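K.L.:
Requesting a structural model of the entry that follows:
(one chain, ligands or ions: 2)
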Amino acid sequence: MNPFNYISIAEGDNFYDRVEETKRVVDTLKGGNNLVLFSPRRYGKTSLVFRAMQQLEKQGIICVYLDLTPIYSLESFAELYLQALYQKQTVFERFVKMLSDLKDIRPKMTFNEFGKLEFGIDYIEPTISISTVSEIIDLPEKMAKEGKRVVVVMDEFQEIRKLAKFNIEALLRSKIQLQHHANYLFLGSKTHIIQDMFLAQNRPFYNSAATLQISTLPEKDTIEFIISKFKSSNITISEELCRHIIARVENIPYYIQLLCAEIWQYMMPDLNEVNQDIIDECFIRVVESKSDYYFERTDRLSQLQKRLLLALTESGENIFSGKYMKKNRLLGASSLQKAVAVLLDEGIVDKKESTYSFCNPFYKYYIRYYASERNASRRNAINTKIEDGKFVIEN
Ligand SMILES: Nc1ncnc2c1ncn2[C@@H]1O[C@H](COP(=O)(O)OP(=O)(O)OP(=O)(O)O)[C@@H](O)[C@H]1O
Ligand SMILES: [Mg+2]
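P.N.:
Ligands and ions are numbered 1, 2, ... in the order given. The predicted structure is shown next:
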């Protein structure tokens, strides 16, 4: 079996480092404080937090985990929340009793297609009221008052913005600050948005949680990890080549595993020593295997967004300077602002201080080398089209 994993969160002996960060998460929540943990995409937040939750649960704290990625309505938020709370119930009757005060909904149990009992809700009214959502938000505190302390983890918390028209951010904040037996851990991967939510004075969550920003994993530990995982399949790789892998994927934990998994696959069953050509070949194989998806993703963007992406493959500094805009034909600061906002919002690029960068090093490569097949003319690029199944920019 491939010893590298990027499909699910890292656990067991697939997880390395993050000792201090895990301790910080556990100590902060155990100490009765709320925490917001953020990093760009795929740095290992969820893996780290699952490890911290295991430790908290061992110490008798109930951890309720919900990932806000799929929410799109108040109803979906309520269902997600109730499902997550239900997962932590040992006595279903007690949970039903807790829900009996909710006005618009009733809990129900049904058998799914595999004959397994499933929790769900029935709506008394076609839509759920904000006061019911407010009562749902109070449930962790009610649960905690019955005995064990509760920690609620909200992953991809920035997605709560999808419910902005219901003012849910302010509601959540006002409820949470009155709860003394439940604590909250918020995770965010769109760093500029999450920072704004917690650090801007005019936002409801301003100053409501300690902050922890996680960075990439230490190179030394990653090298050790890569060498030992390959060794378990009798494959050797030098430290220098491990550094080459790390550099190619800009040290992003998820992409390190993805590239290593591809290399391992390539080596099987006969090759036993990794060299640089193999690494570079595997890097391109990953890009090619995703090129349909990258094409679709790019094709949806406006011309300005595409041109900006191409420019970002070279540099993401001072992008609003006259020099940068002129060089890359990004005319109009206000339209450029909008284009940047879309790319940030879609999670295609990330912003650190005032520098913009790609979230995905394979996609960056795709844009740089596939989108600019005819490099010479790309500065004058206006339109895009497909050529040989690849995305190109036309004059
Ligand atoms: N501590 C770690 N040890 C080993 N691999 C790790 C570690 N953390 C993350 N990874 C690798 O990165 C991948 C993504 O991890 P995870 O899903 O925890 O990141 P994330 O920051 O939550 O990502 P996203 O932003 O997509 O939610 C894992 O599948 C694993 O391959
Ligand atoms: Mg995650």
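K.L.:
so where do the strands sit in the stretch 201-350 of the chain?
P.N.:
Read by DSSP state E, counting those that start in this stretch, the stretch 201-350 of the chain holds these strands, from start to end of the chain: 210-213, 349-352.
K.L.:
where does the stretch 251-395 of the chain come near ligand 1, residue by residue?
P.N.:
Along the stretch 251-395 of the chain, the residues adjacent to ligand 1 under the rule Cβ under 6 Å from any ligand atom are 253-254, 257. C-betas here are computed from N, CA, C, even on glycine.
K.L.:
Out of these, which end up buried?
P.N.:
For these, burial is judged from neighbour counts taken by 16 or more other Cβ atoms under 10 Å, and it is met by 253-254, 257.
K.L.:
Enumerate the residues of the stretch 51-200 of the chain near ligand 1.
P.N.:
Along the stretch 51-200 of the chain, the residues adjacent to ligand 1 under the rule Cβ under 6 Å from any ligand atom are Ser189.
K.L.:
For the stretch 51-200 of the chain, which segments count as helices?
P.N.:
Listed in chain order, the helices found in the stretch 51-200 of the chain under DSSP state H, counting those that start in this stretch are 74-87, 92-99, 130-145, 168-176, 191-199.
K.L.:
Could you pull out the buried residues of the longest one?
P.N.:
The neighbour-count criterion (16+ other Cβ under 10 Å) identifies 132-133, 135-144 as the buried residues of helix 130-145.
K.L.:
What of the first one?
P.N.:
Of all the residues in helix 74-87, those buried under the rule 16+ other Cβ under 10 Å are 74-75, 77-82, 84-86.
K.L.:
would you list the residues you listed in a markdown table and tack on distance to Lys229 and pLDDT?
P.N.:
Supplementary listing: those in a markdown table, determined by distance: Cβ to Cβ, whole Å; pLDDT from 0 to 100:
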| residue | distance to Lys229 | pLDDT |
| --- | --- | --- |
| Leu74 | 45 | 94 |
| Glu75 | 44 | 94 |
| Phe77 | 39 | 96 |
| Ala78 | 42 | 95 |
| Glu79 | 39 | 94 |
| Leu80 | 35 | 96 |
| Tyr81 | 38 | 96 |
| Leu82 | 40 | 95 |
| Ala84 | 33 | 96 |
| Leu85 | 38 | 95 |
| Tyr86 | 37 | 93 |
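K.L.:
Can you tell me which of those residues is nearest Ile319?
P.N.:
Minimum distance to Ile319 across the buried residues of helix 74-87 is 35.1 Å, recorded for Phe77 (Cβ to Cβ).
K.L.:
ok, now how distant is that closest one from Leu212?
P.N.:
Computed with Cβ to Cβ, to the nearest Å, the distance linking Phe77 and Leu212 is 25 Å.
K.L.:
list the contacts for the residue of the stretch 1-150 of the chain at minimum distance from ligand 1?
P.N.:
When scored by Cβ to the nearest ligand atom, the stretch 1-150 of the chain has Gly44 as its residue closest to ligand 1, at 2.5 Å. Contacts for Gly44 were tallied using Cβ atoms under 8 Å, 6 or more residues apart in numbering; they are 10, 18, 214, 217, 253-254.
K.L.:
what do you get if the cut-off is 7 Å, keeping everything else the same?
P.N.:
The neighbours of Gly44, taking Cβ atoms under 7 Å, 6 or more residues apart in numbering as the test, are 10, 18, 214, 253.
K.L.:
Low-confidence ranges, this protein, go.
P.N.:
For the chain, the stretches with pLDDT under 70 are 372-395.
K.L.:
one more time with 50, if that's ok
P.N.:
The model of the chain has pLDDT under 50 over residues 373-386, 389-390, 394-395.
K.L.:
Quick check: nearest residue in space to Lys142, chain neighbours excluded?
P.N.:
Spatial nearest neighbour of Lys142, chain neighbours left out: Met98 (6.0 Å); criterion: Cβ to Cβ, 6 or more residues apart in numbering.
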